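Chemist: The amino acid sequence is not available; the structure is as follows:
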Ligand code: CA
């Protein structure tokens with residue numbers, strides 16, 4: 001892995017949605033709205049007509065995704081989600097998955113599912129900041145939750161209810177359906193020794209993290225995934241972040257940047273989402289609803305496990321074979337970035353009531369988890385491994 005040909009083939013497949021965070025809901029969402037076949041209605045038949053129970057009809061859905069078709073981990077997660085729903089339902093709910101650009105553009109997923117062009121979508125909630133800024137809290141918050149705490153907040157700490165409230169006006173029901181784990185801090189061609197080294201730095205970094213960089217005097221650039229490498233190589237951008245070693249190795253960034261920084265303070269446990277059109281959801285019988293939900297749980301666990309299991313091997317390849325220089329952000333830089341992140345979050349929260357509601361819930365849960373982690377995760381992390 002990692003030669004030019006492989007890299008080019010991989011990059012070729014990287015569509016806009018995989019990379020570009022941005023204002024969502026842009027272009028060309030198809031307007032045709034094709035509803036799914038209805039679940040069989042319970043019929044009242046005369047006694048003599050009672051023979052065999054009618055065979056349940058197959059419900060057919062479309063799932064549009066922000067990822068290129070079959071994109072490692074993220075697109076594969078969408079494929080598996082559909083496969084598991086099919087298997088668990090005994091083939092009663094069949095979902096055809098479309099990569100970004102195949103049915104609608106990657107960043108058209110939100111609108112497409114909202115309008116019913118597709119019944120289901122797979123992406124990341126921070127792509128939809130242009131629809132509602134509060135969506136950003138359900139993907140990644142700088143210096144926010146890691147994957148474990150994110151799941152705890154969403155599934156058991158009230159986060160999901162607020163997320164549902166944010167999506168409801170758009171006729172959508174959200175699910176958490178994946179997580180990248182802690183990401184890496186990014187690729188640079190100079191060392192970051194002080195916060196001043198970020199001044200004037202043109203970096204591809206999405207979402208709230210980009211706003212923090214801007215406050216630090218840098219420039220957050222929006223670049224589609226397929227163009228990041230070329231832009232970095234040609235110095236159109238000075239630096240980029242992406243995901244973690246497993247993905248970054250495939251993107252070939254080591255050929256265009258020397259230093260690989262950690263940790264990914266801007267995306268500490270990015271949640272990946274599935275969404276379902278509410279009208280379509282309401283037509284499902286209860287058992288199929290439960291199956292869809294269970295399959296999102298399975299996808300969530302699968303994706304995080306895959307990233308966790310594969311990142312370190314890829315990191316070793318980057319360091320040992322490609323001579324990448326690993327660097328840690330200095331403590332004072334992280335401290336300053338954290339201060340700026342707080343300012344950014346407070347500004348977002350002040351912007352609209354749903355953002356405030358999400359931020360308040362986030363802060364309260366963070367305090368709760370911090371107190372518990374201090375006695376459990378924190379001391380444990382300091383213990384030597386066996
Ligand atoms: Ca990222």
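Modeler: Okay, I see it. Bear in mind that the values here come from a model prediction, so they are computed numbers and not experimental data.

Chemist: What is the burial count for the closest residue to residue 124 other than its chain neighbours?
Modeler: Take residue 124 and drop its neighbours on the chain: the residue closest to it by CB to CB, 6 or more residues apart in numbering is residue 139, 4.7 Å away. C-beta: built from backbone N, CA, C; applies to glycine. Residue 139 has 28 neighbouring residues, counting by other CB atoms under 10 Å.

Chemist: Quick check: residues of the stretch 101-250 of the chain near the ion?
Modeler: Where the stretch 101-250 of the chain comes near the ion, counting by CB under 5 Å from the ion, the residues are residue 183.

Chemist: Going by residue numbers, what spans are strands in the stretch 101-250 of the chain?
Modeler: Along the stretch 101-250 of the chain, the segments classed as strands by DSSP state E, counting those that start in this stretch run 120-123, 172-179, 186-188, 202-204, 219-221, 239-240.

Chemist: what packs against the second one?
Modeler: For strand 172-179, the contact count by 3 or more CB pairs under 8 Å, 6 or more residues apart in numbering; DSSP states H and E identifies helix 74-88, helix 109-115, helix 147-151, helix 159-167, strand 271-277, helix 278-283, helix 286-320 as packing neighbours.

Chemist: I'd like the ones you listed laid out as CSV, including mean neighbour count.
Modeler: As requested, those are exported to CSV (neighbours: other CB atoms under 10 Å):
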stretch, mean neighbour count
helix 74-88, 21
helix 109-115, 26
helix 147-151, 21
helix 159-167, 20
strand 271-277, 27
helix 278-283, 15
helix 286-320, 17
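
Chemist: could you dump the ones you listed to TSV with mean pLDDT?
Modeler: Listed next are those as TSV, based on pLDDT from 0 to 100:
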stretch	mean pLDDT
helix 74-88	97
helix 109-115	98
helix 147-151	98
helix 159-167	98
strand 271-277	98
helix 278-283	98
helix 286-320	98
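
Chemist: Residue 375 is nearest to which of the ones you listed?
Modeler: For these, the distance to residue 375 is smallest for helix 147-151, at 14.6 Å, taking CB to CB.

Chemist: give me the number of residues near the residue lying closest to residue 274 once chain neighbours are set aside?
Modeler: The shortest distance from residue 274 to any non-neighbouring residue, by CB to CB, 6+ apart, is to residue 177 (3.8 Å). Around residue 177 there are 24 other residues, counting by other CB under 10 Å.

Chemist: that older thread, quick check: which of the strands of the stretch 101-250 of the chain has the most neighbours on average?
Modeler: Among the strands of the stretch 101-250 of the chain, ranked by average contacts under mean count of other CB atoms under 10 Å, first place goes to strand 120-123 (a mean of 29).

Chemist: That one pairs with which strands?
Modeler: strand 59-65 (parallel), strand 271-277 (antiparallel) (DSSP bridges).

Chemist: Just send those back as TSV, with distance to residue 191 too.
Modeler: Listed next are the strands paired with strand 120-123 as TSV, based on distance: least, CB to CB, whole Å:
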stretch	distance to residue 191
strand 59-65	37
strand 271-277	31
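
Chemist: picking that back up, any idea how far the residue nearest to residue 124 lies from residue 179?
Modeler: 10 Å (CB to CB, to the nearest Å).

Chemist: The residue nearest to residue 274 against residue 77, yeah?
Modeler: Yes: applying CB atoms under 8 Å, one finds residue 177 in contact with residue 77, separated by 6.8 Å.

Chemist: any shared contact partners between these two?
Modeler: 122, 272, 299, 303 (CB atoms under 8 Å, 6 or more residues apart in numbering).

Chemist: in the stretch 51-200 of the chain, which segments are predicted with low confidence?
Modeler: The model of the stretch 51-200 of the chain has pLDDT under 70 over residues 51.

Chemist: So which residues on the stretch 251-386 of the chain come close to the ion?
Modeler: The stretch 251-386 of the chain comes close to the ion at residues residue 267, as judged by CB under 5 Å from the ion.

Chemist: and the residue of the stretch 251-386 of the chain nearest the ion?
Modeler: residue 267 (4.8 Å; CB to the ion).

Chemist: thinking again about what came up before, next, show the common contact partners of residue 139 and residue 179.
Modeler: Residues touching both residue 139 and residue 179 (CB under 8 Å, 6+ apart) are 270, 271, 272.

Chemist: Using TSV, lay out those together with distance to residue 280.
Modeler: Shown next, in TSV, are the shared contacts of residue 139 and residue 179 (distance: CB to CB, whole Å):
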residue	distance to residue 280
270	26
271	22
272	20
